[in-house]
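Trainee: Okay, sequence plus prediction incoming.
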Amino acid sequence: MVLLKGFVKPEDQIGMVRMCRQMGKGPGGFYRPSLKNGAKPNLWMMSLEKNWDPTARSYGPTRPFDGAQAPTIPDAFKMIAQTANSTASEFPQINPDICIVNYYTNSRKLGLHQDKDESKSSINQGLPFISISIGDTAEFMFGDTRDKGKATKIDLESGDVLILGGGSRLLFHGISHVKTNTTPTWLKEATGLRPGRINLTFRQY
C-alpha cells in the first residue's frame, strides 16, 4: 500500500470536479444506490466505463434500474491515475477500464470491506486499485480483519492518491468519517464544491 500525499495538482483537482459534475448530470450520471435492505445511504455514485451494481456486486455495461450506459473514463483521468501508478513502481501498471466515482456527504461512513469484485485474474495478480481523494479530508481505516478496533487510521486529504496492490490488494478498508470544513479554499472558490468528499477509484477488471 502506497500513499502519495498531495499528488494531484490543484488545477487537475479543479478539472476533475468540473468533469465529474458535467458527467454526473447526464445519462449514467450520479444516483443514490440502494442497499440490499432497501435503504439509501448518504452517498451519490457514478460508474465510468463499466457499471458496478452494488446490490449484485457485479459489473456490466449498463445500469439495471434505468438501462443507462456507463460514461467513458476521460483520458485526463486515466493519465493522472496511470502517472500515480508509475510513481509507485512496486506495483504492476494497470490500464483502468473501471472508475467508480463516489460523493460522500460529511455524515457518510463506509464500513470495513474488501474490493474483490474484479476478475479472478486481476485479483490473483494483485493488480492495484488507485484511489484519488478530492474535497474534505476523510479518516481512512485499514486492517487484516473487519475489527474496527484493530484498524489503522490515516487522513486522506484533497489531492492524495492511495494505491493498494500486491499483498495489500485485499486489505479490509473503509471510511470512519469525513471531516467538515477541510476542503481547500481555492477548490471551493474555483468549483463551488459543496461540503463533502469526492473519491475516484480506478481498477482493471
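Mentor: That came in fine, so what should we check first?
Trainee: and the end-to-end length of stretch 153-171?
Mentor: The straight-line separation of the ends of stretch 153-171 (C-alpha to C-alpha, to the nearest Å) is 13 Å.
Trainee: What about residue 195, how many residues nearby?
Mentor: 14 (other C-beta atoms under 10 Å). For the C-beta atoms, the positions are set from N, CA and C on the backbone; glycine is no exception.
Trainee: Check it and give its pLDDT.
Mentor: Residue 195 is assigned a pLDDT of 93 by the prediction.
Trainee: in terms of contact, does it touch residue 137 like I think?
Mentor: No: the criterion here is C-beta atoms under 8 Å, and residue 195 misses it with residue 137 at 11.6 Å.
Trainee: all strands in the chain, in order from the N-terminus.
Mentor: Assigned by DSSP state E, the chain shows strands spanning 2-4, 43-48, 51-53, 58-60, 98-104, 110-113, 129-135, 138-143, 152-156, 161-164, 172-178, 197-203.
Trainee: would a markdown table of those with distance to residue 184 and mean neighbour count be doable?
Mentor: Formatted as a markdown table, these follow (distance: least, C-beta to C-beta, whole Å; neighbours: other C-beta atoms under 10 Å):
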| stretch | distance to residue 184 | mean neighbour count |
| --- | --- | --- |
| strand 2-4 | 17 | 17 |
| strand 43-48 | 21 | 21 |
| strand 51-53 | 29 | 20 |
| strand 58-60 | 33 | 15 |
| strand 98-104 | 17 | 23 |
| strand 110-113 | 22 | 15 |
| strand 129-135 | 9 | 26 |
| strand 138-143 | 14 | 20 |
| strand 152-156 | 14 | 15 |
| strand 161-164 | 16 | 24 |
| strand 172-178 | 15 | 19 |
| strand 197-203 | 12 | 24 |
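Trainee: lowest-pLDDT helix or strand in the chain?
Mentor: strand 110-113 (a mean of 84; mean pLDDT, DSSP states H and E).
Trainee: Low-confidence regions, this structure specifically.
Mentor: 35-39, 108 (pLDDT under 70).
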